[in-house]
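> Let me see the structure of the following:
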Amino acid sequence: MKCLIAGIDVGSTTIKLVIMDENENIIFHHYTRHMSDIPVAFKNILILAKEIVGTTPFTLVVSGSAGIGIAETLHLPFVQEVIACTAGVNKYIPTANTAIELGGEDAKITYFCENMEQRMNGVCAGGTGSFIDHMATLLNTDASGLNELAKSAQSIHPIASRCGVFAKTDVQALMNDGVSKNDIAASILQAVVNQTIGSLAQGRPIKPPLAFLGGPLYFLSELRTLFIKTLALDVNDAIIPESSPYFIALGAIFAQKGESVTITKLLENLSQTATLQNKGTSLPPLFQTEDEYLTFKERHEQAQVKKAALNKHYGPAYLGIDAGSTTTKLVLINGSGELLYSDYAGNEGKPLESVIVALKKMYALLNANTYISYSGVTGYGEKMIQAALNIDMGEVETIAHFKAAETFLPGVSFVIDIGGQDMKSFTIKNTIIDSIKLNEACSSG
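As a prediction, the model looks like this:
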């Protein structure tokens, strides 16, 4: 009977399975994102594997930051991913003096030369695969799209990488300043390089040959290029195993003896387990009953701006634009403050273009007897929009918030605002803003 061996790596964002024959040849491997639904992803990957191995039994070891739940539920042995990585390096790339591995939420440097040492990030996922995914969404693309953009970059700009919200602030500022997406993409990848070297190596030399492991370093060629350039490596000193995306699953096979199973049995056990549950507790609901919610909703809907028909308006109208960090808002009012037109949309990293699109939509609805008498702009992109479109005035958004709040609630004494990247609160005394509290570098919350 064949003696197959297998390893599975359940990471924070992906799941990888490797199956080998009795001669340690890989006969099946698969890498996929689990989209936070690990049981379904595991089931799907087993169904694919069954087409290759059928009912043949094999030994299986589980690894990965999210693998312990599967291991406990299905009674399979579990090996810590750092140990699995080391076993894989010793088995397949013993010439490597150092290995850098980037996963969905973790980053590691392992030194094999001289005094062996392993360093890993803590609770923060800054500078990992999830960080790259998050930054890519700001540019309206994915990780592979970010990599393609970076290929045409002309310059690198400093971007924070210790924290995703810090980085988002930097990226948003660059976009609002008109920096090209290509340069921003390369700057994001350079930030990952800086984070890995700065926070993990911390001055200890990274001695070649250097192995690049994990999905991000395998699939993102520009990320590898920036690592090689930053570390001043010869291209021949970089080791990029074909098995890099599923290297932990491969290493798990040789790190610990597996439990003999069949795919049929695994699928059967999975079907008996509705979910691999998180044993944490949850908070109580905001509303205990439907009536409580409806009462809350009714109270808040009382603050509605008065509206007038745009197609029946004649004469002057007044335009207001809020060029926010992530969205563009536009309103047109008449002399009585009634709303004639409004538009709210994400700016997709193109604040000026999104304002122009909103204006064109509005102009298409204006009749011949309506004209814009005065215009104002506020928000992150205030200066750029005012200069580009010849807007009459620019206003600090805090003043704009206060004026709007006073209109809805005369005598207002406190205003709180949560935007795309900032949050602020301020008190008003005698129609004058008395004190302001504003978040600074971090856009968390």
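> drop to CA atoms for contacts and neighbour counts, all remaining ones
Noted.
> pLDDT weak spots in this protein?
1-2, 274-281, 441-444 (pLDDT under 70).
> Centre-most residue in it?
Residue closest to the average C-alpha location in the chain (Cα atoms, centre = their mean): His134, at 1.6 Å.
> show me the contacts for that residue.
His134 sits next to Gly164 when contact means Cα atoms under 8 Å, 6 or more residues apart in numbering.
> Kindly report the same for Phe58.
Contacts of Phe58 by Cα under 8 Å, 6+ apart are Cys3, Leu4, Ile5, Ala6, Glu259, Ser260, Val261, Thr262.
> now swap in Thr98 and tell me
Ile109, Thr110, Tyr111, Phe112, Cys113, Ile206, Lys207, Pro208, Pro209, Leu210, Ala211.
> What ranges does the stretch 251-400 of the chain have for its helices?
For the stretch 251-400 of the chain, the helices defined by DSSP state H, counting those that start in this stretch cover 263-272, 290-300, 351-363, 382-389, 397-408.
> Dump these to CSV, plus mean neighbour count and distance to Glu242.
Converted to CSV, the helices of the stretch 251-400 of the chain look like this (neighbours: other Cα atoms under 10 Å; distance: least, Cα to Cα, whole Å):
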stretch, mean neighbour count, distance to Glu242
helix 263-272, 15, 26
helix 290-300, 11, 55
helix 351-363, 17, 41
helix 382-389, 17, 47
helix 397-408, 16, 52
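> Including distance to Gln421, could the ones you listed go into a markdown table?
Listed next are the helices of the stretch 251-400 of the chain as a markdown table, based on distance: least, Cα to Cα, whole Å:
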| stretch | distance to Gln421 |
| --- | --- |
| helix 263-272 | 42 |
| helix 290-300 | 24 |
| helix 351-363 | 14 |
| helix 382-389 | 15 |
| helix 397-408 | 13 |
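> who's in contact with Ile19?
Leu4, Ile5, Ala6, Gly7, Ile26, Ile27, Phe28, His29.
> Which of the helices or strands spans the third one?
Looking back up the chat, that one is Ala6. When elements are assigned from DSSP states H and E, Ala6 belongs to strand 4-10.
> which helices and strands sit right next to that strand?
strand 14-20, strand 58-63, helix 247-255 (3 or more Cα pairs under 8 Å, 6 or more residues apart in numbering; DSSP states H and E).
> Point out the other elements, helices or strands, that the helix or strand following the first one touches.
Sequence order places strand 26-33 as the next helix or strand after strand 14-20, per DSSP H and E. Counting by 3+ Cα pairs under 8 Å, 6+ apart, the packing neighbours recorded for strand 26-33 are strand 14-20, helix 38-53.
> Quick check: which of those is buried the most?
Highest mean neighbour count among these (mean count of other Cα atoms under 10 Å): strand 14-20, with a mean of 24.
> how far off strand 4-10 does that one point, in degrees?
170 degrees (axes from the mean of the first three to the mean of the last three Cα atoms, to 10 degrees).
> Pairing partners for strand 14-20, with directions?
If you go by DSSP bridges, strand 14-20 pairs up with strand 4-10 (antiparallel), strand 26-33 (antiparallel).
> Tell me how far the last one lies from the chain's centre.
Using Cα atoms, centre = their mean, to the nearest Å, the distance from the centre of strand 26-33 to the centre of the chain it belongs to is 24 Å.
> List the buried residues of it.
By 16 or more other Cα atoms under 10 Å, the buried positions in strand 26-33 come out as Ile26, Phe28, His29, His30, Tyr31, Arg33.
> ok, back up a step: secondary structure element holding the residue nearest to the centre of the chain?
helix 129-138.
> how about that helix: buried residues?
Buried, per 16+ other Cα under 10 Å, within helix 129-138: Gly129, Ser130, Phe131, Ile132, Asp133, His134, Met135, Ala136, Leu138.
> Repeat that for stretch 7-15.
Gly7, Ile8, Asp9, Val10, Gly11, Ser12, Thr13, Thr14, Ile15.
> Keeping just the C-alphas, turn that stretch into CSV.
Output of stretch 7-15 as CSV, limited to C-alpha atoms (Å, rounded to 0.1, in the frame of the first residue of the first chain):
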residue,chain,number,x,y,z
GLY,A,7,0.8,18.8,5.5
ILE,A,8,-1.7,21.6,5.7
ASP,A,9,-1.0,25.3,6.5
VAL,A,10,-4.0,27.3,7.7
GLY,A,11,-2.9,30.9,7.8
SER,A,12,-4.7,34.0,8.7
THR,A,13,-5.8,34.6,5.1
THR,A,14,-5.0,31.5,3.1
ILE,A,15,-5.0,27.7,3.3
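> now what about it, what contacts it?
Here stretch 7-15 has contacts from 16-19, 31-36, 38, 41-42, 60-67, 103-105, 130, 246, 248-253, using Cα under 8 Å, 6+ apart.
> ok, 7 Å please
Identification of contacts with stretch 7-15 by Cα atoms under 7 Å, 6 or more residues apart in numbering yields 16-19, 31-36, 60-67, 104-105, 248-250, 252-253.
> filter those to the buried ones?
16-19, 31, 33-34, 60-67, 104-105, 248-250, 252-253.
> and the nearest residue to Ala201 once chain neighbours are set aside, what are its phi and psi?
Among residues not flanking Ala201 along the chain, Ile109 sits closest, at 7.2 Å (Cα to Cα, 6 or more residues apart in numbering). Backbone torsions of Ile109, given as degrees, to the nearest 10, read phi -130, psi 130.
> Surely Ile109 is in contact with Ile100?
Yes - shown here, Ile109 and Ile100 form a contact pair, counting by Cα atoms under 7 Å, at 4.6 Å.
> Buried ones in stretch 157-173, by neighbour count?
157, 159-173.
> Tell me the gap between it and the middle of its chain.
12 Å.
> Skipping its backbone neighbours, what lies nearest Gly337 in space?
Lys306 (7.7 Å).
> Quick check: that neighbour vs Leu340, distance?
Between Lys306 and Leu340 the distance, using Cα to Cα, to the nearest Å, works out to 9 Å.
> what's the answer for Arg162, then?
Where Leu340 is concerned, Arg162 sits at a distance of 45 Å (Cα to Cα).
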